[in-house]
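K.L.:
Dropping the sequence and predicted coords here.
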Number of protein chains: 4
Amino acid sequence: MRFFSDNAAPACPAVIEALVAANAQDTAYDGDRWSQTLDGALSDLFETPVEALWVPTGTAANALALAALCPPHGAIFCHREAHIQCDEGGAPEFYTHGAKLLLLEGEGAKLAPDTIDAAAAAIRDDVHQVQPHAISITNATEAGRVYAPDEVAAIGAVARRRGLALHMDGARFANAVAALGCAPADVTWRAGVDALSFGFVKNGGMSAEALVFFRPGLAAATRYRRKRAGHLQSKGRYLAAQILAMLEGDRWLDNARAANAGAALIAAAAPHRLVEPVEANEVFVRLTSDEAARLRAAGFDFYDWGEGQARFVTAWDQGEEAVRPLAQAIAAL
Amino acid sequence: MRFFSDNAAPACPAVIEALVAANAQDTAYDGDRWSQTLDGALSDLFETPVEALWVPTGTAANALALAALCPPHGAIFCHREAHIQCDEGGAPEFYTHGAKLLLLEGEGAKLAPDTIDAAAAAIRDDVHQVQPHAISITNATEAGRVYAPDEVAAIGAVARRRGLALHMDGARFANAVAALGCAPADVTWRAGVDALSFGFVKNGGMSAEALVFFRPGLAAATRYRRKRAGHLQSKGRYLAAQILAMLEGDRWLDNARAANAGAALIAAAAPHRLVEPVEANEVFVRLTSDEAARLRAAGFDFYDWGEGQARFVTAWDQGEEAVRPLAQAIAAL
Amino acid sequence: MRFFSDNAAPACPAVIEALVAANAQDTAYDGDRWSQTLDGALSDLFETPVEALWVPTGTAANALALAALCPPHGAIFCHREAHIQCDEGGAPEFYTHGAKLLLLEGEGAKLAPDTIDAAAAAIRDDVHQVQPHAISITNATEAGRVYAPDEVAAIGAVARRRGLALHMDGARFANAVAALGCAPADVTWRAGVDALSFGFVKNGGMSAEALVFFRPGLAAATRYRRKRAGHLQSKGRYLAAQILAMLEGDRWLDNARAANAGAALIAAAAPHRLVEPVEANEVFVRLTSDEAARLRAAGFDFYDWGEGQARFVTAWDQGEEAVRPLAQAIAAL
Amino acid sequence: MRFFSDNAAPACPAVIEALVAANAQDTAYDGDRWSQTLDGALSDLFETPVEALWVPTGTAANALALAALCPPHGAIFCHREAHIQCDEGGAPEFYTHGAKLLLLEGEGAKLAPDTIDAAAAAIRDDVHQVQPHAISITNATEAGRVYAPDEVAAIGAVARRRGLALHMDGARFANAVAALGCAPADVTWRAGVDALSFGFVKNGGMSAEALVFFRPGLAAATRYRRKRAGHLQSKGRYLAAQILAMLEGDRWLDNARAANAGAALIAAAAPHRLVEPVEANEVFVRLTSDEAARLRAAGFDFYDWGEGQARFVTAWDQGEEAVRPLAQAIAAL
């Protein structure tokens, strides 16, 4: 069974059904009836008027968001292990036309407000140094950790005080919200977030993420940038339909809860092995290479994660039942 | 009935079935078994080893192709009405980092070899003028016209003589090949084409086009650029599966033949109204505004195309049967 | 004697003297006492508060101006023969990160307000088409013609009505103002110009042009872009000193008047040969290849300018006395 | 007396004389007789055929060099304190169209070969991670330290083994060579350097640096990029003349030796205060804020350099005689 990544999972049945249901002639691009519903559905979810654009990948969502928040000659604070720095092939630099990512440290791939503040304070305000314009945080983080609303709000306060925009990479936003049990609004715009990459693909979607703008005025230019980047699909209704299917009846939360529960079960099986507290759907454990080999021999696939460590990620279809064999196998090592 | 564009059509049943069949866990990105088959399937079709990348839009395919063929400080010859110039929101400039499109005239949105040659000859070879590095032609063209193999070969000869690369925007490549009845190879690499944007979305696909490289060495950097542009979908198997379904049993040709037949029927209904010869699946006709209004009142939707003209585009599901009412309504005007 | 271009002329004595006088230790970049004086000197000249940045070339001035006025996904209207289109190696595309130049026709390389208006009206306001954000005109034009204040104002009115910014490439602004006899303000900000590339190099300077912003708020980001482009010279005082020397005692106008007078003398010698009215310091004449050869044999260097035509450009040191031999030689053909 | 930076110094007399001597009419851009001599003069100096381009700033030289060595989707290793990272306003990202700088640690702002090798080894060879294409080192470094030929050669060996290009930022190359007493070739191409930013402005020039390519084939595209960046000055002869004046009779070395001697005298006055060994013309010393205030009260200007430290930089005109008062004042603290 594969625990490489939640992005290897299939799409959930409701998403497939939505695609089939959307398979009729309609207006192209985002003029169709599904796309036209998106702002409303997400405004309802976030309890505030938002503007949302579908895009096919989290990389596109992140890069478009950063381009909306930072000029080419500016910089963006992020964690040294942030996905935008480590795993997006330079997409932020491409979309922003060369803005700099300024890398900060922080436990659990989380940024602390003081760390950001100190880094900003150390930059001379002159043309020789690239000036910060934005902060990007990931929730849940690349280490499977979750920012609570008050933690985001503390970063949001630094952002406002220093005139920086705040972006949240929410490739696993569903897992974070499911873990927090809070309103989506609490951990986003109420805490100062200007733009959210709201991920669905890792959570049972096929090829649609939502880029959600909480601050008015950011979406307009982004619509041009989306087209310019080749992300305005002519049959966009299939993307909108996926997102709407995920939002319906809180399916996005149900899927995330299942994945989180799977991860929790694995964690419970090996509490002493944990490298990081398990707060969402990623489990980082210490494993000798011999132990890793035995798990693999038993049919479990996963990534080595540095020396003596491994990462297991659970997806929407890997809830408690599905992961029990893995949990037992780890416990039995 | 809608004749706005073939990109408003639904996906054809085989594509939907392929998506459902691909809905299983597999390796992410393009490591899955569908994506891994793509080079082979397209090499078979083109009777030569090719490298192919799936991308979700024709804009992405075109822009990535041009970025592979032209440096930021270079220029690309294309027709004044080319899609890359008029309808892609500046994507070529974004992906090439600011290369110039040099606009040429030509009947039927087609470029003639002499036109290109003369334009190239008029550019001084010094650093003040942006030097041409590539030619981009569209087959079938934006005016619904088709380049035959010998016409492409004549352009290919100019390209070779002047050291220019040759790109073909094949958003409606299927309609062109269906019209020509030639081997796909004859109108591409055998005629000097280096890279082809092979369109499927307008022809019954949902969200997958193939960027096909005939010249070795171009695909490698493009894989990095595709990721950097946010076009490497994590569940890429759904894109590969669409393309494979379209290739299977020459479905891409059957779909295109149906669309072409629909267009031919409309053309036959109003030969005296035609603005352009109808060679593929687009029909440009002279219509007074009164006539246009009457057609619209009868339930036919289409674009006005400049003063006193209209454009009708047929899709894979608008073959002879489906378009007969429109043909009759035009004939009866 | 060379009539290739005014940019081949030496620097005028006052500029050399200013360089020598500035050859002392001072604060680096633009913190020195010369640079700090620039805004004031140019505000005096233009009778309004302006912000000005020295840059070494007209290409840099133009490209920085356009980047300040147009986003990467936007477009700029200019004449088909504009220097920014034909002779700057793609600098506008580089600095704007890929904005498009939309080429318009116009007699004497001049744009007419109606031409711009019609072109803007023809662009659909959707994301598929690159939207215009600015207009760039050249004064004096690439054909040696001059826009009078009311002509610029008519373009400025179109710009305001359509929400477009207005840039003036003033590589030969001095020649235009000398010809017009108007206040510099009349043909710039009072006529709606937002940014002016104020050229000195062609007019007796060595390596300094002024980028003058009439609209507040444009200079700030441009200071970052100038540094980012490598144009913030550490010993910037030598650039500021050149400009100040040119402004002192209206030397810039005296130099331009001399060059214009030289051109007028040539024109007077061959009124029937003129391709364009001579309004500044460029003379375009009809010459057979035999006649051209005879002039060259007599020691006069100049550019052929298309079939059967030639261009003569006079510089600050080529006033009436200096050009008399050429005028006589042309008259004697 | 000012010890802020060697870039605040005046131009040396020979440079001014060269400017005056070049003040005649000649061919524009780099067709003049001074520019045409540059390759030869630098090929002589480096004992190998090189291609060289004048540019006005070190930032432009560095950014053009990096653009020649690294594609937009690539990365460049450099020291965390490298000028290209800290003080060029994002120019490398602008010119490379968004390549990444990968920051490494190292004592004295120097990179060790093993550090580079380990960093390169840690990057997965897949499209998600930005792949390294080049290494950039600074000689003398931002901490005033010097790479000896064997140290550069060790880095060059890593570069070759890993297929990386090697750039040297030589803003203070003269000071490094003066300190080393080696042939310029030994510390550049013989050690594997592909491109050198050879600085003259900090060493007595006014506005000219040389970008020197040791590997054939890199200069050609760079000539287009230089124009596209607005750095091809029309009166380029004044830049070439400066460089030629500096090379004549080894003036560049004499100037650098004087500056180095000045720095050495300061260092000798306060050996116990030194933060870094003084190897070129920069002196980093520990100073309390009270001590710093006393030096400033005595008329010495310099930068604070972090908590309790200060930086003194000597220029070509601040040899032993000129700096003696400062040395005595520091010794007397």
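P.N.:
Yep, it's here. Because the structure is predicted, anything quoted here is derived from the model rather than measured.
K.L.:
Near chain C, which residues of chain A are found?
P.N.:
Contacts of chain A with chain C, taken as CB under 8 Å from any CB of the partner chain, map to A:71-73, A:97, A:127-128, A:131, A:221, A:223-228, A:232. C-beta: built from backbone N, CA, C; applies to glycine.
K.L.:
and the two most separated of these?
P.N.:
The widest separation within the residues of chain A next to chain C, taken as CB to CB, falls between A:128 and A:232 and amounts to 38.0 Å.
K.L.:
Of the two, which one has the most company?
P.N.:
residue A:232 (27 against 18; other CB atoms under 10 Å in any protein chain shown).
K.L.:
Got the domain ranges for chain A?
P.N.:
As given by automatic domain parsing, the domain ranges for chain A are A:12-250, A:252-331.
K.L.:
Report the mean confidence score over the shortest one.
P.N.:
Which is domain A:252-331. Mean pLDDT, taken over the full extent of domain A:252-331, equals 96.
K.L.:
Can you read off the pLDDT for whatever residue of the stretch 1-150 of chain A ends up closest to chain B?
P.N.:
Across the stretch 1-150 of chain A, no residue is closer to chain B than residue A:60, which sits at 3.2 Å (CB to the nearest CB). On the pLDDT scale, residue A:60 is placed at 98.
K.L.:
secondary structure class for the closest residue to it other than its chain neighbours?
P.N.:
Take residue A:60 and drop its neighbours on the chain: the residue closest to it by CB to CB, 6 or more residues apart in numbering or on different chains is residue B:230, 3.2 Å away. When the structure is split into helix, strand and coil by DSSP: H, G, I helix; E, B strand; the rest coil, residue B:230 lands in coil.
K.L.:
residue farthest from the centroid of chain A?
P.N.:
Among the C-alpha atoms of chain A, the one farthest from their average position, using CA atoms, centre = their mean, is that of residue A:126, at 33.5 Å.
K.L.:
List the contacts of it.
P.N.:
Remark: with contacts taken as CB atoms under 8 Å, 6 or more residues apart in numbering or on different chains, residue A:126 is in contact with nothing.
K.L.:
Where does it fall, secondary structure wise?
P.N.:
For residue A:126, there is no helix or strand it lies in under DSSP states H and E.
K.L.:
How much space separates it from residue A:19?
P.N.:
When CB to CB, to the nearest Å is applied, the distance between residue A:126 and residue A:19 equals 53 Å.
K.L.:
Quick one: distance of the helix ranked longest in chain A to the chain centre.
P.N.:
With secondary structure taken from DSSP state H, chain A has its longest helix at helix A:251-269. Chain-centre distance of helix A:251-269: 16 Å, with CA atoms, centre = their mean, to the nearest Å.
K.L.:
what comes up buried for that helix?
P.N.:
Applying a neighbour-count criterion of 16 or more other CB atoms under 10 Å in any protein chain shown, one finds A:251-267, A:269 buried in helix A:251-269.
K.L.:
which helices and strands does that helix pack with?
P.N.:
When contacts are defined as 3 or more CB pairs under 8 Å, 6 or more residues apart in numbering or on different chains; DSSP states H and E, helix A:251-269 sits against helix A:173-180, helix A:237-247, strand A:282-286, strand A:309-313, helix A:320-331.
K.L.:
Residues touching the third one, excluding its own?
P.N.:
Read it as strand A:282-286. With CB under 8 Å, 6+ apart as the test, strand A:282-286 has contacts from A:140, A:143-144, A:172, A:263, A:266-267, A:270, A:273-276, A:305, A:308-314, A:330.
K.L.:
mind listing what residue A:106 touches?
P.N.:
With contact taken as CB under 8 Å, 6+ apart, residue A:106 is in contact with A:79, A:112, A:115.
K.L.:
In helices, which of those residues appear?
P.N.:
With helices defined by DSSP H, the entries of those inside them are residue A:115.
K.L.:
most surrounded residue in the contacts of residue A:106?
P.N.:
The member of the contacts of residue A:106 surrounded by the most neighbours (other CB under 10 Å) is residue A:79, with 25 neighbours in all.
K.L.:
close enough to count as contact, it and residue A:101?
P.N.:
No. In this structure, residue A:79 is not within contact of residue A:101 by CB atoms under 8 Å, at 9.8 Å.
K.L.:
Overlap in contacts, these two.
P.N.:
By the contact definition CB under 8 Å, 6+ apart, residue A:79 and residue A:101 are jointly contacted by residue A:85.
K.L.:
Cool, thanks, talk later.
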